[in-house]
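K.L.:
the following comprises the amino acid sequence and a computationally predicted model.
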Amino acid sequence: MLTERRNTSLYFLTALVLALGMLPSLTALSAHIAAKLPRLSAYLGPINFLKVGAPVLWLYFWSFRKQFSDVFWVHAIELVFFLSLGTVMAAVTCKVPPGGPALYREFSVILLGGLAALCFLLLREREQKWIMGFWLFAIYGGALLDALYPPGATWFYDHIFDPKTRDWDLIELGKYPLTGVFGRQSLAKMMAWVPWIAMVIFRPKRLWPWLALAGISTASILATTQRGPFVGAVAGWIVFILHQLIQRRQARIAKWATIGLVLAIATVPLFVPQDILISRVKSLINWNDPHSTGDSASGNIGYRFQMTRFSMLAIQEGPWGNACISTPTYWLAGIWHAGHSHSMVLHQFRERGWIWGSIHLLLWIYAFVRAWKIKHYLGSPIVAAVGCALVLGFFDHPWFVLNQALILWIILLMALLPQKTLSNKFFTKQ
């Protein structure tokens, strides 16, 4: 009886941590606490449910460690070893020892995101659905609040989340883009990824309601001003359609999914304000106009090309990782804003060297191949999620944000873990 109660409590606490872990850090709320406990807040940083709840996640994972096979443990240890090796090598070879803070922050985020994803997949089906329901509410409820009553979303930023996120969004566009409660960049990625994951978790008998959700998400993403997640979402649709057509030979589902994709693209003007379309989409036609300035398509795309060339040169010159590139080095290369490489794959090569960079890239390729081979109907949203993450990763680097790392690991593990590894099977007879 005591063990049963302990497990029930552990299930509940783990599910609660994971549900709330999708939320951004509580920066504004943390500021009020920091005023009263400055020493403690200096070490802990902003409150984040995954950071605070990490002991619960470790306890849950350790309690159910026997669910995993010996093969899993071998590969998990290998991954952690090479990730750690890449981080240590980058820190040692860094020109500013012992490595930049971002290097360690990203390392911890990747590890904690992986732990949280494993705990999520180890939970029972009902807890998974409950968590996913909360995530959908936070993502789409926040977006709906922001669209219908922007001051309501602003209140959450001012009192709970990071007010600077909202202010920064205002400065760039001159008005409110769609941010929900996540900030426009995180919200756009969530709207691209989460519909496919939700489709797997809820195991629906009919796919069309979830395809409708994916369609509305795709049509709405550009309202956040983010083009990369929109392209990634479209890529996910295409992969879903091809998997249904080639692997499952379900021409009818592929046909309706194609209609859904066309409708999603056609209805973009209904969901996206005209000024955002002009600023972020129509300006792509003249993206190479030398007179374009600011964060227009011209400046943004030119910056991405510059950063890609710069990152590839940094990879060539720093095979063990180049994690501490100085700001003047960026300026000498003609890059006006120092930062990450804006590529999920390139950044791992640039920051942690060829060994971890190659393993990271092969991990995603292997995940896509494995997911593509799944002939079950849930294989389509899994491979769509992997394809979406890979294509989106051409334009952004999502590994350094905790809730994004959680989603990325869920996508990877759904494709990589064999069915019998988990206590609750992904695939039921259909």
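P.N.:
Ah, there it is.
K.L.:
mind listing what the closest residue to P398 other than its chain neighbours touches?
P.N.:
Leaving aside its chain neighbours, P398 sits nearest to Q404 (4.2 Å; criterion: C-beta to C-beta, 6 or more residues apart in numbering). For glycine as for every other residue, the C-beta is placed from the backbone atoms N, C-alpha and C. The contact partners of Q404, by C-beta atoms under 8 Å, 6 or more residues apart in numbering, come to G113, S186, K189, M190, P398.
K.L.:
if we go to 7 Å?
P.N.:
S186, K189, P398 (C-beta atoms under 7 Å, 6 or more residues apart in numbering).
K.L.:
per-residue pLDDT, the last one?
P.N.:
Spelled out, it's P398. The per-residue pLDDT reported for P398 equals 86.
K.L.:
just give me the neighbour total for it.
P.N.:
21 (other C-beta atoms under 10 Å).
K.L.:
which residues touch it?
P.N.:
Per C-beta under 7 Å, 6+ apart, neighbours of P398: K189, M344, Q404, L408.
K.L.:
likewise the second one?
P.N.:
If you count contacts by C-beta under 7 Å, 6+ apart, K189 has them with P229, L392, P398, Q404.
K.L.:
then Y157?
P.N.:
A28, P163, T165, R166.
K.L.:
same thing with L85?
P.N.:
I355, W356.
K.L.:
what pLDDT, on average, does the helix or strand hosting it get?
P.N.:
Counting by DSSP states H and E, the element that carries L85 is helix 70-93. Mean pLDDT, helix 70-93: 89.
K.L.:
would you state the helices of the stretch 301-430 of the chain in chain order?
P.N.:
327-332, 344-372, 379-392, 402-416 (DSSP state H, counting those that start in this stretch).
K.L.:
if we can go back for a sec, closest one of the contacts of K189 to T14?
P.N.:
Closest approach between the contacts of K189 and T14, by C-beta to C-beta: Q404, at 20.1 Å.
K.L.:
let me know the helix or strand that the closest residue to A19 other than its chain neighbours is in.
P.N.:
Residue nearest to A19 in three dimensions, not counting chain neighbours: F134, with 4.2 Å by C-beta to C-beta, 6+ apart. For F134, the element it lies in under DSSP H and E is helix 125-136.
K.L.:
now what about that helix, what contacts it?
P.N.:
By C-beta under 7 Å, 6+ apart, helix 125-136 touches Y11, A15, L18, A19, M22, F120, V194, A198, I201, F202, N424.
K.L.:
quick check: the fourth one is in a strand.
P.N.:
Which is A19. No - according to DSSP: H, G, I helix; E, B strand; the rest coil, A19 belongs to no strand; its state is helix.
K.L.:
before we move on, back to that, same list (the contacts of K189) but as a markdown table, adding distance to I359.
P.N.:
Formatted as a markdown table, the contacts of K189 follow (distance: C-beta to C-beta, whole Å):
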| residue | distance to I359 |
| --- | --- |
| P229 | 25 |
| L392 | 20 |
| P398 | 18 |
| Q404 | 20 |
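K.L.:
what's the closest of the residues you listed to A138?
P.N.:
Looking at the contacts of K189 and their distance to A138, the nearest is Q404, at 13.8 Å (C-beta to C-beta).
K.L.:
so the closest one versus I410, what's the distance?
P.N.:
To I410, Q404 is 11 Å away according to C-beta to C-beta, to the nearest Å.
K.L.:
same question for T267.
P.N.:
T267 is 28 Å from I410, by C-beta to C-beta.
K.L.:
likewise for K373?
P.N.:
When K373 is compared with I410 (using C-beta to C-beta), they lie 19 Å apart.
K.L.:
these two - which one has more neighbours?
P.N.:
It is I410, of K373 and I410, that has more neighbours when counted by other C-beta under 10 Å, with 24 against 12.
K.L.:
may I have the secondary structure class of the nearest residue to that one once chain neighbours are set aside?
P.N.:
Leaving out its chain neighbours, the residue that sits closest to I410 by C-beta to C-beta, 6+ apart is A117, at 4.6 Å. Following three-state DSSP, A117 is assigned to helix.
K.L.:
tabulate the contacts of Q404 (CSV), appending distance to F240.
P.N.:
Formatted as CSV, the contacts of Q404 follow (distance: C-beta to C-beta, whole Å):
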residue, distance to F240
S186, 23
K189, 18
P398, 21
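K.L.:
pick the one among those closest to Y366.
P.N.:
Nearest to Y366 among those, with distances taken as C-beta to C-beta, is P398, at 19.2 Å.
K.L.:
list the contacts for G113?
P.N.:
By C-beta under 7 Å, 6+ apart, the neighbours of G113 are L402, A405, L406, L408, W409.
K.L.:
tell me how far it lies from W196.
P.N.:
Between G113 and W196 the computed distance is 18 Å (C-beta to C-beta).
K.L.:
ok so, going back, could you count how many residues lie near the residue nearest to I410?
P.N.:
Quick note: A117 (other C-beta under 10 Å) scores 21 neighbours.
K.L.:
check the one 5 residues further on too.
P.N.:
The number of residues packed near L122 is 22, by other C-beta under 10 Å.
K.L.:
from L115, how far out is the nearest residue to it once chain neighbours are set aside?
P.N.:
Leaving aside its chain neighbours, L122 sits nearest to F64 (5.2 Å; criterion: C-beta to C-beta, 6+ apart). F64 sits at a distance of 12 Å from L115 (criterion: C-beta to C-beta).
K.L.:
check S279 too.
P.N.:
40 Å.
K.L.:
next one: L29
P.N.:
From L29 to L115 the distance is 24 Å (C-beta to C-beta).
K.L.:
higher neighbour count, the two?
P.N.:
More neighbours surround L115 than the other of L29 and L115, with 18 against 14 (other C-beta under 10 Å).
K.L.:
quick one: what helix or strand has the residue lying closest to the more buried one once chain neighbours are set aside in it?
P.N.:
Closest residue to L115 apart from its sequence neighbours, by C-beta to C-beta, 6+ apart: L57 at 5.3 Å. For L57, the host element (DSSP H and E) is helix 54-63.
K.L.:
hang on, V194 packs against I139?
P.N.:
Yes - counting by C-beta atoms under 7 Å, I139 is a contact partner of V194 at 6.1 Å.
K.L.:
flag the shaky bits of the chain, pLDDT-wise.
P.N.:
1-6, 32-45, 95-102, 169-175, 282-302, 326-329, 331-340, 419-430 (pLDDT under 70).
K.L.:
how about Q226: what's its closest non-neighbour residue?
P.N.:
In space, Q226 is closest to A188, 3.6 Å off (C-beta to C-beta, 6+ apart).
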